[in-house]
Every structure is written in C-alpha cells, then in structure tokens.
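K.L.:
give me a model of this one.
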Amino acid sequence: MNTGVNGVALVVLIVLFAMVAVMGFWASRWRRPQSMESLDEWGLGGRSFGTWVTWFLLGGDLYTAYTFVAVPAAMFGAGAVSGFFAVPYTIVLYPIIFIFMSRLWSVSHRHGYVTPADFVAGRHGSRTLSLAIAVTGFVATMPYIALQLVGIQAVLEVAGVGGSGNVFATDAPLFIAFIVLALYTYTSGLRAPALIAFVKDILIYIVIIVAIIYLPSKFGGWEHIFGTAEAKSTAAAATAKAAGKPSTFTFIPSPSQSWAYASLALGSAMALFMYPHSITATLSSKSRNTIRRNAALLPAYSLVLGLLALLGWVAIAAGTKPIGLDGKPNAQLVIPQLFEDTFPSWFAGVAFAAIAIGALVPAAIMSIAAANTFTRNIYKEWFRPNATVQQEARVSKIASLVVKAFALIFVVAMDKQNAINLQLLGGIWILQTFPSIVFSLYTRWFHRWALLAGWAVGMIYGTYEAYNVSSAATSHFGGSVSAVPIWGQLGYIAVTAFALNVLVATVLTLAFRAAKTPEGVDQTIPADYFADEGDPKVSVMPLSPEQAQASGH
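P.N.:
Numbers count the residues shown, from 1 in each chain. All right, here's what the predicted structure looks like:
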C-alpha cells in the first residue's frame, strides 16, 4: 500500500481541474441570452444545443466518473455478469431512445415542459401521478450524484490526499471540489457542464486509447490477460464449491446466469433515459433531428466503455492491489491504482483528472435536473402555482445547492457502500416511471389511476425484493438480482417489478374504463409529438373549474 502523496500526479490533477473550473464560470457568458433567470435558459441551456454540443453533453452525462471507476472494478472483483453487461446495455439503449425521445422533445418544445413529470401532468391531467413521477426521479438521482463524489474521492485517495478519518483534514480536497462545482453550476447552469464535457471526453478518450494500447503489451498481451481472468474464475469456483457457496467471480456467464445478464442489460437500457438528468440533457437540444443524430452517434462511447471494462481484467494480470488508506481492500480504487502503478506520474495525473472532471459534468447535470424537478413539480405545482419564471429559476438554483450539499454529507458521513446500494435501488425505482412516460408518448389508453397503481406496485415489490438481497458487504440491498417468481430464474428485480407494473396498469385500466371513471384532461394534440425547431409554442390555458374537477386538480 502506497500511503504517500503522488506530487506530480496531484499537480497535474490540480492544474487541469482549475482549468475546467475557469471554463465552468466562463460558461455563463457562452451563448449568453439577455437573461438567465428562467429554467429554459439556466436549466436547459436555452434549448439551443446542436449535434456536437449535445453529443458531448450526453456523453459526459451518461458516462460518468463512477462508470470509469465502477465498471472495471466490477470486472476486477466479480467478473463479466456484474461488469460487462454495461456494454450491451448501452448498445441496446440508443435504438430505444431513437424511437421515443424525439417525440418527448417535440411535445416538450411545444408546451414548454422542463421535466418528464411536466409531460405526465399535461398528458393525463393528474397532479398526483405527476408528483409520483417527480419524487421517483428526484430520489433516484440523489445517490447518483453522491457516487460522482465517490469517484472523485477514489482518485484523491490513490493520490494520497483523501480518504477517511478527520473530515476537515483528509476530505478537504473533496470539499473544495464541491464548492467549485456548486458555484459554477449556480452561475452558469447547464451551459457549464456542456462546455466542460468537451475537455472531459477528450481526456477520457486519450487515457483509454493509451491504456488499451500500452498496458496489454506490458502484461503479456490479451491472451495472457484473458487467461489470468479465467484462472481467477476457476480458482474462485473451486473455493466456493468447497465452502458450499456461490462463486464470487465469473469469467463468462453460465447458462443459469444468462437471464440475469440479459435482464440487467435490457432493464438498465430502459431505465437510463427515465432519469431526470438524461432527459434534461436531451431537452436542451435545439431540434428533434439533433436527438436522432445523437442516438446514431452515441454508440461510439460504447466502444470506449468496452475497452474501459477490460481494464479490470488488465488489473488482474498486473497484480494490482487496490488498498484504501484504511488498509482494507477496495475494488473501487483499482483503476486509479493501476494507472499510478503502471504509468509515469504525469500521465497518472491526466488519468486522475479525467476521472475527477468526469464527475463534475454529470454531477452538475444531475443536480440541475433534480432542482428543476423539485421546482416545477413540487414547489410550483403544490406550493406556489403563481410563481414567475424568475422565481422558478431562483428556487431551482438554491435547490441545486441543497442537492449537492446533501450528496457531499452523504459521502463523507456514511459508508460508501450505502451510496452504491441506494444507486442500485434507484435503478429499480426509476424504471417504474417508464409506462407513465414512454407509453404515454404513443397512447392515452392507460388510465391515470391505473398508471399510478401500477407504479406503486412496482415500487413496493422492487424495494421489498432489493431489501432481501444480501452480499458479502451488506445484509440488505446487496444487489439488484433475485429469483423471478414462478419461473425461478435469477433476473433483474427492476424488470420483474416493471412487468408487474404493466400488468396492474392494464387490468385496472380495463376496470376503470368499464366503470367510466374520469380520465383527466389531455393538454396535448397529435401534432405536438412531431413539432420541430421553429414551430410555435403552445400557450397552455388554465383549466376551467369543470376541467379541474375532472382532472383531480
């Protein structure tokens, strides 16, 4: 274990971090409108980003610092089932969003929707269903923000300046990073991560390309690397068999693990663009064709992700020992440790900066998205319906600070495993919003109360099943895979909960329609789902007393 400070790497990290911090503050002047005092400008960048800006922004948003840390860590510690499923999931993801995301952009452009819950409220005329979608998105995003700070902390710990102990001493660099992130997000809004994403993505591409070319030659080539990973799998299986327990490492998924692997990939692909931050980055685009072009271009990141995942097995061949400052093994440190052990200090600093900056972009977007959700769908909808656009922007800015502060407190005051567990649980929760958002883009057949009931069943089932999953690190919420009822095969809990969600929504829709239960007022028309850049926005009129009563307002 190296407990010293890597001075050269730390200097490189600080210089690059300072450079992007300056860019973050300068972003408030980039494409600056007359006023930033609206959610359209502060929270969505004026809805003006073209193909390349959107590509970098979405890439920076979806491929986070924690992706850089966690995917190879999973490959290093548990093997292909836990780690490599992320590659097919991102491949499956983009055809899915190519189909529906342009419709969501169009209807949001026409009606000025800022969040997915805005759309649900307009489509179904139900504040309660909209609140359920908003709260789910807000809560599921919170641990995701915390994990970005965990990624920064992993880098600082390997560099020798972060970790546990005296919070104000050892975590001071993390506090500084938080303050910088909070201030430039407050002043520049979504323009800051959009601009910084260029630097982040370029750094990551450079680091991965260099690593994937240099490291295999240093450690015996890919044949030796794969052989070492397979040997680890064989040894783990033998140890587990002797102990009468499941193996902790898998080289290639066995037939019994195929559904778990496939359902993790499919469920994660369906869930990712239900998160508010993914939709926020998408709605910032200037046209529906920008969305489609990005869906075609973004798979380039999947190639990088596949190479990144394989670095976990490179670390096995390299004999990397990821030990934290507390003296305990910590797989989350394996990539920073691999770079520090293998590369010159200056290049290790570049890699550390790529991870740290890779945390700033998604953390900023996530906090903005969470703040927009709180402002639009909780504060304005339930407490201040007559709030002006300036008041909305002001509340959202303050909420973004509170969200980041909560994430920081969570990281420094609680076990990191809790953040990981809650992020896994958040993935289960967010998929339960899929019927209300995606189905509603194409049909209004589902009854609003049936969608709400289906959401509730999916949430309850998913939470209960996740609670009962244990792991070596924790007794509850230890994973997101459990046996599928009746069938018995292991599968992603979110997909099973989603199936129950849709079943309940379908059956109850038939029942509510038979009972002629009020369906609520739909503020959209078919043409709204094909609107494009330059088409006029719709001025939504307040509901009449009769409409309000029918809608449950």
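K.L.:
so how far is stretch 364-384 off the chain centroid?
P.N.:
Centre-to-centre, stretch 364-384 and its host chain are 17 Å apart (CA atoms, centre = their mean, to the nearest Å).
K.L.:
and if you look at stretch 182-199?
P.N.:
Relative to the centre of its chain, stretch 182-199 is centred 17 Å away, using CA atoms, centre = their mean.
K.L.:
could I get the average pLDDT for that stretch?
P.N.:
Per-region confidence: stretch 182-199 scores 88 on mean pLDDT.
K.L.:
how long is that stretch end to end?
P.N.:
Stretch 182-199 has its terminal residues 19 Å apart, counting by CA to CA, to the nearest Å.
K.L.:
flag every buried residue along it.
P.N.:
Within stretch 182-199, the residues scored as buried using 16 or more other CB atoms under 10 Å are 182, 184-199. Where you see a C-beta, it was placed from the backbone N, CA and C, and this is true even at glycine.
K.L.:
residues contacting A194?
P.N.:
Shown in contact with A194 (CB atoms under 8 Å, 6 or more residues apart in numbering): 27, 45, 49, 53, 56-57, 284.
K.L.:
quick check: chain neighbours aside, which residue is closest to it?
P.N.:
Distance criterion CB to CB, 6 or more residues apart in numbering; nearest residue to A194, sequence neighbours excluded, is L57 at 4.7 Å.
K.L.:
where are the low-confidence patches of the stretch 451-553 of the chain?
P.N.:
472-473, 539-553 (pLDDT under 70).
K.L.:
other SSEs contacting the helix or strand containing the residue nearest to A194?
P.N.:
For L57, the element it lies in under DSSP states H and E is helix 51-62. For helix 51-62, the packing partners by 3 or more CB pairs under 8 Å, 6 or more residues apart in numbering; DSSP states H and E come out as helix 191-218, helix 276-283, helix 288-297, helix 345-374.
K.L.:
show me where the chain has strands.
P.N.:
Counting by DSSP state E, the chain has strands at residues 481-483, 490-492.
K.L.:
closest one to L298 among these?
P.N.:
Closest to L298 of these, according to CB to CB: strand 490-492, at 22.4 Å.
K.L.:
paired strands for that closest one, with orientation please.
P.N.:
strand 481-483 (antiparallel) (DSSP bridges).
K.L.:
got a list of contacts for the partner strand?
P.N.:
Applying CB under 8 Å, 6+ apart, the external contacts of strand 481-483 come out as 260, 264, 465-466, 468-469, 489-493, 496.
K.L.:
and the buried ones among the residues you listed, selectable in PyMOL?
P.N.:
Selection of buried members from the contacts of strand 481-483 for PyMOL, criterion 16+ other CB under 10 Å:
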select buried, resi 260+264+465+466+469+490+491+492+493+496
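K.L.:
can I get the contacts of strand 481-483 in a markdown table with distance to I525?
P.N.:
A markdown table is the format used below for the contacts of strand 481-483 (distance: CB to CB, whole Å):
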| residue | distance to I525 |
| --- | --- |
| A260 | 43 |
| L264 | 38 |
| E465 | 40 |
| A466 | 40 |
| N468 | 46 |
| V469 | 45 |
| Q489 | 44 |
| L490 | 45 |
| G491 | 39 |
| Y492 | 37 |
| I493 | 38 |
| T496 | 36 |
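K.L.:
just the contacts of strand 481-483: which are in helices?
P.N.:
260, 264, 465-466, 493, 496 (DSSP state H).
K.L.:
out of the strands of the chain, nearest to I91?
P.N.:
Across the strands of the chain, I91 has its closest neighbour in strand 490-492 (16.7 Å, CB to CB).
K.L.:
quick one on the thing from earlier: in JSON lines: the contacts of A194, plus neighbour count, pLDDT and distance to L303.
P.N.:
Output for those, formatted as JSON lines (neighbours: other CB atoms under 10 Å; pLDDT from 0 to 100; distance: CB to CB, whole Å):
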{"residue": "A27", "neighbour count": "23", "pLDDT": "84", "distance to L303": "28"}
{"residue": "G45", "neighbour count": "31", "pLDDT": "88", "distance to L303": "27"}
{"residue": "F49", "neighbour count": "27", "pLDDT": "90", "distance to L303": "23"}
{"residue": "V53", "neighbour count": "21", "pLDDT": "89", "distance to L303": "21"}
{"residue": "F56", "neighbour count": "23", "pLDDT": "87", "distance to L303": "16"}
{"residue": "L57", "neighbour count": "29", "pLDDT": "88", "distance to L303": "19"}
{"residue": "S284", "neighbour count": "26", "pLDDT": "92", "distance to L303": "25"}
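K.L.:
TSV for these, including distance to A21?
P.N.:
Conversion of the contacts of A194 to TSV gives the following (distance: CB to CB, whole Å):
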residue	distance to A21
A27	11
G45	19
F49	21
V53	20
F56	18
L57	18
S284	22
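K.L.:
among those residues, which one sits closest to I252?
P.N.:
Of all the contacts of A194, I252 sits closest to F56, with 34.3 Å by CB to CB.
K.L.:
can you check which helix is longest in the chain?
P.N.:
Longest among the helix segments of the chain by residue count, using DSSP H, is helix 127-159.
K.L.:
buried ones in that helix?
P.N.:
127, 129-138, 140-159.
K.L.:
could you do stretch 22-31 as well?
P.N.:
Those would be 23-24, 27-28, for stretch 22-31 by 16+ other CB under 10 Å.
K.L.:
likewise stretch 317-324?
P.N.:
The neighbour-count check on stretch 317-324 (16+ other CB under 10 Å) flags 317-318, 320, 322-324 as buried.
K.L.:
against V495, how distant is M101?
P.N.:
Separation of M101 from V495 (CB to CB, to the nearest Å): 21 Å.
K.L.:
ah, wrong one, I meant I206
P.N.:
Distance check for I206 against V495: by CB to CB, it reads 36 Å.
K.L.:
in terms of neighbours, single out the busier of these two.
P.N.:
Applying other CB atoms under 10 Å to I206 and V495 shows that V495 carries more neighbours, namely 22 against 14.
K.L.:
that one contacts Q432, correct?
P.N.:
No: V495 lies out of contact with Q432 (CB atoms under 8 Å); the separation is 10.9 Å.
K.L.:
distance to A70 added to the helices and strands packed on helix 51-62, as a markdown table?
P.N.:
Converted to a markdown table, the helices and strands packed on helix 51-62 look like this (distance: least, CB to CB, whole Å):
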| stretch | distance to A70 |
| --- | --- |
| helix 191-218 | 15 |
| helix 276-283 | 17 |
| helix 288-297 | 24 |
| helix 345-374 | 11 |
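K.L.:
so which of those helices is nearest F251?
P.N.:
Closest among the helices and strands packed on helix 51-62, once you apply CB to CB, is helix 191-218, at 17.5 Å.
K.L.:
report the angle between the axes of that closest one and helix 51-62?
P.N.:
For helix 191-218 against helix 51-62, the angle by axes from the mean of the first three to the mean of the last three CA atoms, to 10 degrees is 70 degrees.
K.L.:
any idea which helix or strand in the protein has the lowest mean pLDDT?
P.N.:
helix 545-551 (a mean of 45; mean pLDDT, DSSP states H and E).
K.L.:
what are the contacting residues of stretch 139-150?
P.N.:
Contacts of stretch 139-150 (CB under 8 Å, 6+ apart): 64-66, 69-70, 174, 177-178, 275-277, 332, 359-360, 362-363, 366-367, 369-370, 373, 403-404, 406-408, 410-411, 416, 419-420, 422-423, 425-427, 429-430.
K.L.:
pull out the buried members of those residues.
P.N.:
For the contacts of stretch 139-150, buried by 16+ other CB under 10 Å: 64-66, 69-70, 174, 177-178, 275-277, 332, 359-360, 362-363, 366-367, 369-370, 373, 403-404, 407-408, 410-411, 416, 419-420, 422-423, 425-427, 429-430.
K.L.:
where does the protein have low pLDDT?
P.N.:
With pLDDT under 70 as the threshold, the chain has low-confidence stretches at 1-4, 162-171, 325-326, 472-473, 539-553.
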